[in-house]
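# no letters, just coordinates:
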């Protein structure tokens, strides 16, 4: 069953716009949405993985704001250089792309580039993180949030009184031990910690059974297993829209949402299981369900 086709054929503009913000679109699906009347092309320009031909089509399309292209996380080195030289394109937004070392230093030394945007870049190297950490005016909180940190860097941020640990809690690259440390740390928002990093089965159930944790944040975690999704689906008070949008759904789970009254189609259109890998395997675990 083609999940994209199932949703596209509903003929609903809201669903189409949600589909255009899905990061897993194929070349053909991008072309179809581009040609669909009413679809916001800016969404497609800023999210989708574009072929070179598609990129240039958006670049030369007067209806597309080039600033949206500059935020696309899949830009090539040449596309970054082209946009950097293009008038009226915000260089700061472009600073979050995957940069070569030469491009990073060009942005770093450019007075027109806000270094806070460089700090938001999830592709920073260890050395680039250290450089920004030492740079006056660069937001340490953003560095704690976005890039992948070494253990030494994580502990440096953790012990830095100028860093809000809630930014660390939102880092998607946390290890099991780092999650446990933040969970035990006074003042850390456990909701944030439940929503982003990849949790072990034991950690998931600890959050699930913690009265101080809003389960709607767990429902937004993209790493949920099939059983965790079912558990949250059956739990009173959990917003099913979050479960329909964020974690990868099995075929049965996807169709359950699709056929259920409640207008979940726009959430499903954003689900990362649109165009799943042919060999996709859903993690299974054994849980101690406590209601």
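Happy to help now that I have it. As the structure is a computational prediction, the values presented were derived from the model and not from experiment.

# quick one: low-confidence parts of the stretch 51-200 of the chain?
By pLDDT under 70, the stretch 51-200 of the chain has no low-scoring segment.

# what segments of it are helices?
Ranges of helices within the stretch 51-200 of the chain are 52-59, 66-70, 77-84, 91-94, 101-108, 115-119, 126-134, 140-145, 151-158, 165-169, 176-184, 190-195, based on DSSP state H, counting those that start in this stretch.

# nearest to residue 225, of these?
Residue 225 lies closest, by CB to CB, to one member of the helices of the stretch 51-200 of the chain: helix 190-195, at 14.6 Å. For every residue, glycine as well, the C-beta is placed using N, CA and C.

# so what are the domain limits for this protein?
Domain assignment for the chain, taken from automatic domain parsing, gives 1-89, 91-197, 200-291.

# distance across stretch 173-187, terminal residue to terminal residue?
20 Å (CA to CA, to the nearest Å).

# show me what contacts residue 263?
Not one residue lies near residue 263 by CB atoms under 8 Å, 6 or more residues apart in numbering.

# so how far is residue 131 from it?
48 Å (CB to CB, to the nearest Å).

# can you tell me the closest non-neighbouring residue to residue 151?
residue 175 (7.7 Å; CB to CB, 6 or more residues apart in numbering).

# next, that neighbour: phi, psi?
Main-chain torsions, residue 175, degrees, to the nearest 10: phi -80, psi 170.

# next one: it from residue 109, what distance?
33 Å.

# who's more crowded, these two?
residue 175 (13 against 8; other CB atoms under 10 Å).

# buried stuff in stretch 148-156?
Residues 148, 149, 153, 154, 156 are the ones in stretch 148-156 that count as buried (16 or more other CB atoms under 10 Å).

# oh, that last question was meant for stretch 193-204, not what I typed.
193, 194, 195, 196, 197, 198, 199, 201, 203, 204.

# would JSON lines of the residues you listed with distance to residue 255 be doable?
As requested, those are arranged in JSON lines below (distance: CB to CB, whole Å):
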{"residue": "193", "distance to residue 255": "32"}
{"residue": "194", "distance to residue 255": "27"}
{"residue": "195", "distance to residue 255": "26"}
{"residue": "196", "distance to residue 255": "28"}
{"residue": "197", "distance to residue 255": "29"}
{"residue": "198", "distance to residue 255": "26"}
{"residue": "199", "distance to residue 255": "26"}
{"residue": "201", "distance to residue 255": "26"}
{"residue": "203", "distance to residue 255": "29"}
{"residue": "204", "distance to residue 255": "24"}
